[in-house]
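Participant: structure for this input, please:
(one chain, ligands or ions: 2)
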Amino acid sequence: MSDRDRSIIRLRSGQKLPALGLGTYAPKESEDDVIRAVRAAIKSGYRHLDCAAIYRNERAVGHAIKQLIVEGVIKREDLFITSKLWNTCHRPDLVRASLKKSMDDLGLKYLDMYLIHWPMGLKEGEAFHPKDENGKILFSEVDYVDTWKALEDCVDEGLVKNIGVSNFSSRQIKRILEVARIKPCNNQVEIHVHLANQKLVDYCHENGITVTAYSPLAAPGNASVPFTPSLEEPVIKEIAQKKKKTPAQVIIRFLLQRGLSVIPKSVTVERIEENFQVFDFSLSEDEMQQIFSLNKDHRLNIEEIALDHKYYPFNDPF
Ligand SMILES: NC(=O)C1=CN([C@@H]2O[C@H](COP(=O)(O)OP(=O)(O)OC[C@H]3O[C@@H](n4cnc5c(N)ncnc54)[C@H](OP(=O)(O)O)[C@@H]3O)[C@@H](O)[C@H]2O)C=CC1
Ligand SMILES: O=C1CO[C@H](CO)[C@@H](O)[C@@H]1O
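Facilitator: Ligands and ions are numbered 1, 2, ... in the order given. Okay, here's the model as predicted:
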């Protein structure tokens, strides 16, 4: 693969994953914001959308997709749509209905990829974050390996083309690989310049599992970061100036050159367009190393509510 050609990642099914996708986790934004963002993204060239039931906006995403299909801007088969199974639906008998709900909300007859959002199950029921009367989160004991088998059945049925996981450690992936009829094709995990996650990336790649970097810009504006935000790192700014690119473009390019799929979120049309302009330049080996050296193994998304769950992933070394 040439350095510039980072736009496609091949999945074990043979299907092509467009490496750059639009993140759609937009808890503060309105449905109209999401519709506008998805329309702008697809019109700027994005073909991969990262969705999830927990984002509570799959109907808005689906609305935008439908509009663009009707307008003749895009065909369904040219899009790669991912969704994720929420933690309260790990029980095998709930998996198919959860997938169908996301498909219905998105207005799609099939999904391109469906991921188990987290290894930890939560108590089944209506609430996304079920709690007892003292406000303590309620767990479910379902083993994600059993959840996985129900996902395989959904592939057999033609509801989804590819299945994978998210926020899984290498040890947890190994447990699935030991029994899988259909092996996971993707692990979506937090990766940015302050969290390289390289051992996990290596493990996944060695096992034919592609990796998607979430929060690739380290979710700027997050007040909990105790050091210079990624986009303001002097090393990033200096490289950006030299390349006549923006800091966000340099970071996205860095992650693409690591062989990752990258899903920056934005609801700002100019940024959506900016974030896609990353296929007309490349970073040298030296620039890649300079950015790698910013790693601090700093995780933003520790999912605090489930720290003592038996399947909590981040106590494993990687
Ligand atoms: N599997 C999982 O557990 C998780 C998956 N995800 C997925 O990953 C996606 C991305 O992660 P997310 O946490 O949203 O964080 P990102 O690192 O993508 O950061 C998003 C923030 O960056 C801003 N931004 C986007 N582009 C630029 C730019 N060019 N310059 C300056 N600021 C910019 C956005 O602002 P604005 O929108 O206002 O333009 C938004 O505030 C999510 O949307 C979701 O799809 C995220 C978390 C967990
Ligand atoms: O994708 C994500 C964003 O929001 C969720 C919480 O509401 C997280 O659990 C999750 O990892």
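Participant: can you pull out the low-pLDDT segments for the chain?
Facilitator: Residue ranges of the chain with pLDDT under 70: 1-4, 222-223.
Participant: which bits of it sit near ligand 2?
Facilitator: 25, 52, 54, 301, 303 (CB under 6 Å from any ligand atom). (Each C-beta comes from the backbone N, C-alpha and C, glycine too.)
Participant: what subset of those residues is buried?
Facilitator: 25, 52, 54 (16 or more other CB atoms under 10 Å).
Participant: show me where the stretch 1-150 of the chain has helices.
Facilitator: 31-44, 58-70, 92-106, 144-156 (DSSP state H, counting those that start in this stretch).
Participant: redo these as TSV? Include mean neighbour count and distance to E178.
Facilitator: Formatted as TSV, those follow (neighbours: other CB atoms under 10 Å; distance: least, CB to CB, whole Å):
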stretch	mean neighbour count	distance to E178
helix 31-44	20	38
helix 58-70	19	32
helix 92-106	17	18
helix 144-156	18	8
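Participant: could you dump the ones you listed into a markdown table and include distance to E232?
Facilitator: Shown next, in a markdown table, are the helices of the stretch 1-150 of the chain (distance: least, CB to CB, whole Å):
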| stretch | distance to E232 |
| --- | --- |
| helix 31-44 | 24 |
| helix 58-70 | 30 |
| helix 92-106 | 35 |
| helix 144-156 | 37 |
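Participant: which among those helices is found nearest to G135?
Facilitator: helix 92-106 (24.4 Å; CB to CB).
Participant: show residues contacting that closest one.
Facilitator: Contacting residues not belonging to helix 92-106 are listed as 51, 53, 58-59, 61-62, 65, 81, 83, 85-86, 89, 109-111, 114, 124, 142, 146-147, 149-151, 153-154, 157, 159-160 [CB atoms under 8 Å, 6 or more residues apart in numbering].
Participant: residues of the stretch 1-150 of the chain that sit close to ligand 1?
Facilitator: Near ligand 1, when you scan the stretch 1-150 of the chain using CB under 6 Å from any ligand atom, you find 23-25, 50, 117.
Participant: most neighbours among those residues, please name it.
Facilitator: D50 (27 neighbours; other CB atoms under 10 Å).
Participant: quick one: that one and G21 touch, right?
Facilitator: Yes - counting by CB atoms under 8 Å, G21 is a contact partner of D50 at 5.0 Å.
Participant: lovely, talk soon.
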